[in-house]
Structures are given as structure tokens and as C-alpha cells.
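Student: can't give you the sequence, but here's the structure:
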């Protein structure tokens, strides 16, 4: 569990004044999102805010040590596809409604391209994604649709992980 | 209980500890758990009369207790300790519960099933996966309980030295118990190994892992398996290291691919079509490196090392007339002077059969290398074409989800560098644009008749252009042949062919592009047409060049006889001239003074060399002026110009894919043709490709803009390869013609003195091989054998072709079938998903009704592991109960497959509170004093 120890120190390093080194008493400490998002592993990720929100307790991006460990275990190389797919779904579900709807897709595209696509292009892309992956034709992607699609993606496992 | 999916990540640990503290399991789980536990005990056939559970609770040795506690204390990990503390308290309640169990097995079963079903469906509604895990949790837990108990006994029995105090109890431990603890140990180890990949949605993994580790530590230690543990740890370490090594090795491999980063960079900004040129360039560089190695290793280096040195024979010496200027730069620049009489060119090689102490057969090697240059090139081109085709055939899946994959998997979460991130943003944008272009093209609805008409018109116009330019070339070449016979022609008349050719090359491609705009093709297909058309135009270039060369060669060959006589006479006169003292033998004529033939092979080689170098310079200068200077002008003059230069007329240049690809292909054709006459040509070409890689990469990144419609390159570079193959054949023809039907020069080159170049083979066969081999070769060369062989090859090609066609047809059909199956599956799934959703709604409604019932069971369950110990023995004697108990779990497991959300593997859903019952049991058992 060397990596967990390492992770803890990483966590501790984020906010040395906040996080005690001695964790035996399980202090109720949260590291604010501003610090989490500025980690070198996350700072360039367009979805960093989403990641932090998904793994934090209240969806505000402030993370406890447990959340932090969660995040990196899900994003680790060894986490299985299903698990990753589940969290990927949550990350891309911007409005937390349990479905990836057109609005979520637009957010994703905009973040991925830094808004360099025109509005028509974005809507075309969203339309195409829905057309491809929406299995039950309800105009939004359910977790099931998403898993169905993502489990076939050749690159998903190799791209959806963070090395720490 | 009814946890929102969101809570998976959030209330993870709190809820867990809570559960553990109170030992208060949820009803569904506990009942299922107990049921399994009870049924498990009898199944073990434990010979000991005392119930296993009981023993587990109480038996543990003193020794172990402190150790366990110590471990817990050391870790300071809350859950374990708390749990243990919580698990021990009430021995009364478990007993009560177990009694209840015994009394109403059937009823309980019913209740348990319904409650579990209910809870699970309820949960499933929220989150299929967790429900699954949670349901499965108890069963595992329960299994562990008895196993652990037995472990204890086992330990005592076999490791009694350390457990002397409990020796009497140890007697009663059985073999199975040891087996079981071992099994459990294995389980735990597996858990440790896979804990990261467990889809537990919470940081609970950590506690799980701690528990498992503790367990393993404790028991392995007790079992005297410390060594095993170390071995295990070592194996884990090695596994980790291996993963890391593989990763590093992959990185290393990527780093070893030359220019990979540069090309990726270009691809992310300019799209795959521009990158495809650079990939092609890189490939070409690799091929040329191999050819370079072949020629240098087998021809040039042996000649330099072992051949007679420079200046020893006429062909290796600069003639007297040229000696003065032989070192001038202007002469060297034209590949005359010393360069001409160096190992870079054909004429330098001697026709000595063997050279050096190795008796290296240089003429033979020269010939074979010339042949194998073509052989290798043919093979590599065809092989890479074939492998490209294979690669493109296997990617059927991603076609269905182009946009989805782009959207959800294109961002690489590993990126931790802002520059890389910028590139990635650019590349994602580019790839989206590429796909959008594809999409728009496929959706384009238009007037088919108009398009067809326009396409026919465009093709007609272009064919007219091509015919016109072809005739122009022919005409100019004819004229130039006349001019060459005349004296004192003007500069224009001398260079007419070159001027016309460059004018055509300059104006035709843009003209074609303009005409191609009529056709309205997808840019990718448009690029192919453009390539094909410019290729046809360049063929004219090649034709004139070869024609001029052939004329030159024939002229030189016709002069050869004269020079031969002259040489002969010179030597004759020199040796027989009067006025020399007859008694002293005359020193041989200095090689520089011997009259020389024109050596047409070297002349051809020089021609190719010059062409390659001038082509390279022209390309670079064009890039410098046309791209870089233009970009600078546009960029900096834009501040003080009357119109917007960037958006308006000059603007920035786009990267000219077709021109560059064709330039590369024709250049390679020159290399293939020329390498036989100028072995150094490949070396020059390697340098050229190397510099042009860096130079063009720089030029593209600094002064070009992406195409207006960034389009995706076809997955395989097969079109480029096809053109390359065509050029290879075209360049093979003149070389083969020269080898087969032109006599080599009489005084230069490795084949001098022979009638034809291929005679060298005959000579080798006759002199160096046994006679029967010579006979066999002669027999094989018989046309009566060659023609049937060729026929046979045609037949084989025909057969293989038809086989591959039928296979690809079968392939397509299978793919269609898979597609259809998938559709069916999809619709089936969506129907099922809807029904399960309805189910869960129903159960949710019924839930409140059963709330009291749940409450009841919950109560009884809490300390079940303690109570279990007392009842287990009785249950063991009562198969009826156990079977009914096992039935309780049945419906749950039966229910599972249907309720499982698709895509979630049943085994992947590990129950969250998996170890809890065991935990409480062990926690309790530890402090108990032994009997």
C-alpha cells in the first residue's frame, strides 16, 4: 500500500496547514477544491471540476482524504472498466440528473474543444453522439447506454486514468 | 438502506462505520447471510460436536487475542476496532435471533427473500451496481465466518508449539478446517491483490484492505507462513514492477519512434491528412536507410577498404586535363572532378573479379545489390500495403461510435503538462472538425445530375490539359533533339525542355485544383484525384528526362568504339615509340594520361545526383520563399497595409499535401533509377529526407495554416503506396533495360569488358559453382521453363485473388450479422430495462408495508455471529433447517441476473459490507479466552 501512503502525503501536501500528519483520530478535514484542482495531475484537465465534484461528499469539490483516495483509485490503472465507466458517466453528467442529456454533451464538447467549434458544429456533434449511443431513443444517455458504448471504446481504459 | 447512487462516493465511509459500530446489518443482508452461514456449517461435515460458530467465538487462544488487538491498535484504524468492539457485546441477541431462525425457518426464508428482493430492487432502481454488491456481500461474509473458526482450531492443532495453552482444544481441529483457512487466506490475498480493481464505490476499500492484510498477517504468521507471505509480497512487488516496466517500455518504444512527437504535434494542429505526409516521409526515410545500409555495407565500404587505391588505375584517377580544376567548388558542385572519380559513382569500380584478402567478389556484389535494392523496395512496399489493408479491415466497431468515442474517450486524463494539453485541445478540435466534414459530406443532399455533369466536365477539361501538356512535352523534346544536332543554339533553345517542364509543373497543379473544385468531392477523395492527375503530369516529366538521358547514352555508346581504338593506339604508341632505351623497360603510362571513354554509367549517375540535389534545393527555396517569407510578410505587413492580408489575398499558405507527396514519390523514383549508377545517391537521399523532415516540420508549424476543411486522411496510406509502387515499376524498367540490353563501358565500372552486365552472374556460376549447378541454372533459364512458370504464377494470382474476394465477402456478411445481432440485443435490453424499472417501482410501493417486518429481522440479525455459534451445532445436525435456510438465499440469487444492469458483470459487483459479519465474528473471537 505504498501508493496509498504516497497518496496520503500528496493529500497532506496540498494543504499542510489543514491536514494533520497524524490521521489516527480520523479528523474531519476537507481540502478545498481550489487546491485539489491545482494538482499537477488535474490542473490541465478540462473536467477537473467535475471530477472533484463527483468524488466529493457534497458535490462541491472539497475533498476528504477518503474522497481523495477514492478518486485516485478509480482513476488508477488497475480499476476495472465497469467502475471507470460508472464514474466517467458521473463526470460527464454535468447536471447530476442521472442522464447525460444534450446539455451535458454540449458542456463536454465545449470543454474538450475550448469552445472552438461553432454552435452548429457543437449541436451536430451532440446530435450524432445521441444518435450513436442512445439505445432506447429517449433523447439522452442513460448509464446503461453509456456503458454500452464506452465498454467498446478502444481507448477508454488507456485514457481514463491518472497516474500519481 | 436506500442509498442514492450519488452517495456511493460520498457517505461511503460514514455509513460503513456506522453499520459496523452497531453491528446492525440491514435486514435483507443479514437474513441472507445467516441463512448461508447456517447452511454452510453442516456442509463442512465438521466432525466436532461443538458448533463451529461457537468455537470461533470463544476458542481463540490467548496468544492471538493480544496480537489481534495489538494490530488493531497499532493501525489505529477505526473501523476494525470499532467493529470488533461492537461485534462482541450482546451474546443474548444473537441467540435470540438464532432461535427464531430455528423455529421458523420457512417463514424466515420467505420474509428474508421478500425483504431482500425488495431492498435489492429498491436499490437497484437507484443504482444497479451497488445493489448487486450489497446483496452479494453477506453470502461471502458468512462463508468466511465458519472458515475462520476452523482456522483457529486448525491453528491450534498444527501449530500447537506456539499455542500450547490450547492444545487440548487443538486436538479436535480437522483437516478441512485447515483447508478452509488456507482457502480463506487465499481469498484474502486475492482481495489484497485486487482490492484496487474492486468496484466498491467508496474509500471503504482501504478498510477492507486493512482487514484483509491484518488477517493475512495474523494467520500466515500463526500458520508459520511468514515466508509465504514474504514470497507473496515479493510477487506482488514484482507484479507491480512488471506493470511499471511494461509501461516504461511502451513509453520507451514510443520515444524510439523517430519524430513521433513532431508528427503528433503537426497532426494535432493540421489534421491527419498533413500528418500522413510526414508519416510517409518517415517511412520513406526508413526504407532509404535500409537501402543505404545495403549499398554502403556491401559495395562502397568493401571497395574503399579492399579495392585498389585511388590513382592506381585510369578509372580511379582524374584525367590530366581535368586535374587543375578537379578541386574547385564549382566543379565539385556539379559532381565532376574528384567526386566523379570516387566510390560514389559507378565508374570508379574495378572489374577485378575478387578483391582483397577476403576474395570479395565485388562485381557480383555490385550486381546483386543493384537487384536487391529493387527487390527489397518491391517487397517492403507491397508488404506495407498489405498490412495497411489488414489494419483498416479490423476497425469496424469504432465506425458506429465515431462521435461518442471522440467525445468521451479522446481526452487523455494522463496529461499533466499545459503544453501537451494545448496540443490535445487542438487535436480534439481538429478531429471533431474532421468528423464533422465527413458527416456533412455524407449528408450532403444535392442535385445528382448536376454533380455528375460537373464531374464529367471537370474530368474532360483535365484530360484536355493533360493531353495538351503531353503533346507540348513531346513537341519540345523533339525540337530539342534537333537543336542538339545544331551548332551555336541560344540559351533558350538549349534549356527549352526544362523551362517548359517547370512552367507546366508550376501552373498545372493549381489549374487542376481549380477545375477539381467543380467536382465537389469530399476533400479526401479530391486529394486522391488531384494526386492521380498531377502524377500523370509528372510522368511526362519523367518521360522527357529519360528520353534525354537515353539519347545521351546512345551518343556516348556510339563514340565508345572510337575511344577504344584511341586508347589502344595511345598505349601501343607509348610502348613502341622510338627514342627509348630498349634495355630498360619503360615505366607504365601514368593513369592520368590514359585516354578515357566517356563512361555513360557515371554520366547517368551524375545526372541523377544533380537532379536530386537541385530538386532538394528547389523544394527548400520554395518553402522558404513561398511559405516562410510569405508568412512573415503577411504577419508583419498586416499592420500597415490597406487590406487585411491575413484574411484577404496573400494570406498564409496551406500545406500542399499532393505536391509534397508526389515530390517525395518521384524523388524516390530517381533514387531507384540512379542508385545502380551512383551508389552514393542513396546516402545523399538519406540526408535529404532527414533535413527535409526537420525543415518541413518547422516550416509547417511556423508558417502554414491548417486547411480550411481539415479532413481525415484515409486510414491507410495505401494510395500513396500505390503511386509509389507504380513509380517503382516505372523506374525499374529503364534500369532493367540498361542491364539487359546496353553494353557496359569498356574502361570503367565493375562490368567493364563484358558484353552485358548480367554476364557477371554467368561468370560466377561457371567459375565458382560446381558444374552441375551451372547446368541447372542453364536449364532454368530455358524459355520453355520460364513461360510455364509465369503462367503458373498468373494462375496462382488469379486463384488467390478470387479466394481473398470470397473471404472478404464472407467477412462483410459476418459483420452485417453481428450488426444485426447487436441491434436485436439493444432493443431487447431497452425493453428489459423498462420492465425492471417498472418492477422496482412496484416493490418500492410495497416497501412501506413490509417495513415492520424488516425492522424485526434487523433486530434479530445484529449479533448473529455470536448467537450463531450456539445454534450452529444444532443446525448442523438438522439438515432440514439448513436446506431451508439455503433456500432463502436462492430467490435472491435467482433474481439477480435479471435485475442486473447490463454491462455490469455479476462478479464485478462486490458487496460493500462483505466482510462485516466475519469482522464482527473475528473481532469478538479475538478477545475471548480459550476454554
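Tutor: Thanks, I have it. As the structure is a prediction and not an experimental result, all values here were calculated from the model.

Student: where does the stretch 301-450 of chain B dip in pLDDT?
Tutor: Residue ranges of the stretch 301-450 of chain B with pLDDT under 70: B:391-399, B:445-446.

Student: where along it do the helices fall?
Tutor: Chain-ordered helices for the stretch 301-450 of chain B, with DSSP state H, counting those that start in this stretch as the definition, fall at B:301-306, B:329-333, B:362-393, B:402-409, B:418-443, B:448-485.

Student: try chain A
Tutor: Secondary structure of chain A, counting by DSSP state H: helices at A:2-14, A:33-36, A:48-55, A:65-74, A:81-92, A:102-113, A:119-133, A:143-150, A:156-159.

Student: The second one packs against which elements?
Tutor: The reference is to helix A:33-36. For helix A:33-36, the packing partners by 3 or more Cβ pairs under 8 Å, 6 or more residues apart in numbering or on different chains; DSSP states H and E come out as helix A:48-55. Every C-beta, even on glycine, is put in place using the N, C-alpha and C of the backbone.

Student: List of residues touching the helix it packs on?
Tutor: Residues outside helix A:48-55 that contact it (Cβ atoms under 8 Å, 6 or more residues apart in numbering or on different chains): A:33, A:36-37, A:42, A:45, A:59-63, A:67-68, A:70-71, A:74-75, A:87, A:90-92, A:94, B:9.

Student: one more time with 6 Å
Tutor: Contacts with helix A:48-55, where a contact means Cβ atoms under 6 Å, 6 or more residues apart in numbering or on different chains, come from A:33, A:36, A:37, A:42, A:59, A:61, A:67, A:70, A:71, A:90, A:91, B:9.

Student: Could you dump the residues you listed into TSV with pLDDT added?
Tutor: Formatted as TSV, the contacts of helix A:48-55 follow (pLDDT from 0 to 100):
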residue	pLDDT
A:33	86
A:36	82
A:37	83
A:42	83
A:59	76
A:61	79
A:67	82
A:70	80
A:71	83
A:90	87
A:91	88
B:9	35
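
Student: Specify which member of those residues is nearest to residue B:828.
Tutor: Nearest to residue B:828, judged by Cβ to Cβ, of those is residue A:90 at 26.1 Å.

Student: if we can go back for a sec, kindly present the contacts of helix A:48-55 as TSV, with separate columns for distance to residue B:803 and neighbour count.
Tutor: As requested, the contacts of helix A:48-55 are arranged in TSV below (distance: Cβ to Cβ, whole Å; neighbours: other Cβ atoms under 10 Å in any protein chain shown):
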residue	distance to residue B:803	neighbour count
A:33	62	17
A:36	60	27
A:37	59	15
A:42	54	19
A:59	60	14
A:61	60	23
A:67	59	26
A:70	55	28
A:71	54	25
A:90	50	24
A:91	48	22
B:9	55	23
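
Student: so how many other residues sit close to residue B:621?
Tutor: Look at residue B:621: counted by other Cβ atoms under 10 Å in any protein chain shown, it has 10 neighbours.

Student: before we move on, back to that, output the helices of chain A in TSV; the columns should cover distance to residue B:503.
Tutor: Rendered in TSV, the data for the helices of chain A read as follows (distance: least, Cβ to Cβ, whole Å):
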stretch	distance to residue B:503
helix A:2-14	66
helix A:33-36	65
helix A:48-55	57
helix A:65-74	64
helix A:81-92	57
helix A:102-113	44
helix A:119-133	42
helix A:143-150	55
helix A:156-159	51
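
Student: Of those, which shows the lowest average pLDDT?
Tutor: For these, the bottom mean pLDDT is recorded on helix A:2-14, which sits at a mean of 70.

Student: picking that back up, so which of the contacts of helix A:48-55 comes closest to residue B:253?
Tutor: Minimum separation from residue B:253 among those (Cβ to Cβ) is found for residue A:42, which lies at 27.5 Å.

Student: contacting residues for the closest one?
Tutor: Neighbouring residues of residue A:42 by Cβ under 6 Å, 6+ apart: residue A:48.

Student: And the residue nearest to the spatial centre of chain A, how far from residue A:111?
Tutor: The central residue of chain A, meaning the one whose C-alpha is nearest the mean C-alpha position (Cα atoms, centre = their mean), is residue A:51 at 3.1 Å. Residue A:51 sits at a distance of 12 Å from residue A:111 (criterion: Cβ to Cβ, to the nearest Å).

Student: What of residue B:825?
Tutor: If you go by Cβ to Cβ, the gap between residue B:825 and residue A:111 works out to 32 Å.

Student: Those two: who's more crowded?
Tutor: Taking other Cβ under 10 Å, residue B:825 and residue A:111 do not tie; residue A:111 has more neighbours (20 against 13).

Student: wouldn't the more buried one be in contact with residue A:46 here?
Tutor: Yes. Counting by Cβ atoms under 6 Å, residue A:46 is a contact partner of residue A:111 at 4.0 Å.

Student: With residue B:779 as the reference, name the closest of the helices of the stretch 301-450 of chain B.
Tutor: Using Cβ to Cβ as the measure, helix B:362-393 is the one of the helices of the stretch 301-450 of chain B that comes nearest residue B:779, at 21.0 Å.

Student: Can you name every helix or strand that the closest one contacts?
Tutor: Using 3 or more Cβ pairs under 6 Å, 6 or more residues apart in numbering or on different chains; DSSP states H and E as the contact test, the elements touching helix B:362-393 are helix B:272-295, helix B:718-741, helix B:759-768.

Student: contact partners of the next helix or strand after the shortest one?
Tutor: Per DSSP states H and E, helix B:759-768 leads on to helix B:771-780 as the next helix or strand towards the C-terminus. Outside of helix B:771-780, the residues within contact range by Cβ under 6 Å, 6+ apart are B:765, B:766.

Student: Could you count how many residues lie near residue A:82?
Tutor: Based on other Cβ under 10 Å, the number of other residues close to residue A:82 is 20.

Student: how close does it sit to residue A:76?
Tutor: For residue A:82, the distance to residue A:76 (Cβ to Cβ) stands at 14 Å.

Student: Now residue B:328. Nearest residue, chain neighbours left out?
Tutor: Closest residue to residue B:328 in three dimensions, ignoring its sequence neighbours and counting by Cβ to Cβ, 6 or more residues apart in numbering or on different chains: residue B:337, at 6.9 Å.

Student: The one you found contacts residue B:326, correct?
Tutor: Yes. Here residue B:337 lies in contact with residue B:326, judged by Cβ under 6 Å, at a distance of 3.6 Å.

Student: The two: who's more crowded?
Tutor: Here residue B:337 and residue B:326 are set side by side on neighbour count (other Cβ under 10 Å), and the busier one is residue B:337, at 21 against 17.

Student: about what we covered before: so which of the helices and strands packed on helix B:362-393 gets nearest residue B:234?
Tutor: Set against residue B:234 and scored by Cβ to Cβ, the helices and strands packed on helix B:362-393 come closest in helix B:272-295, at 41.9 Å.

Student: now for the closest one, which elements pack on it?
Tutor: If you count contacts as 3+ Cβ pairs under 6 Å, 6+ apart, helix B:272-295 packs onto helix B:260-270, helix B:362-393, helix B:657-674, helix B:681-703.

Student: circling back to that earlier point, can I get the contacts of helix A:48-55 in a markdown table including distance to residue B:744?
Tutor: Shown next, in a markdown table, are the contacts of helix A:48-55 (distance: Cβ to Cβ, whole Å):
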| residue | distance to residue B:744 |
| --- | --- |
| A:33 | 80 |
| A:36 | 77 |
| A:37 | 75 |
| A:42 | 71 |
| A:59 | 84 |
| A:61 | 80 |
| A:67 | 81 |
| A:70 | 78 |
| A:71 | 75 |
| A:90 | 77 |
| A:91 | 73 |
| B:9 | 81 |
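
Student: what's the closest of those residues to residue B:283?
Tutor: For these, the closest approach to residue B:283 (Cβ to Cβ) belongs to residue A:42, at 37.7 Å.

Student: So what does that closest one look like in phi/psi?
Tutor: Backbone torsions for residue A:42, taken as degrees, to the nearest 10, come to phi -110, psi -20.

Student: rewinding a little: so of the helices and strands packed on helix B:362-393, which one's packed in deepest?
Tutor: Comparing these by mean neighbour count (mean count of other Cβ atoms under 10 Å in any protein chain shown), helix B:272-295 comes out on top with a mean of 20.
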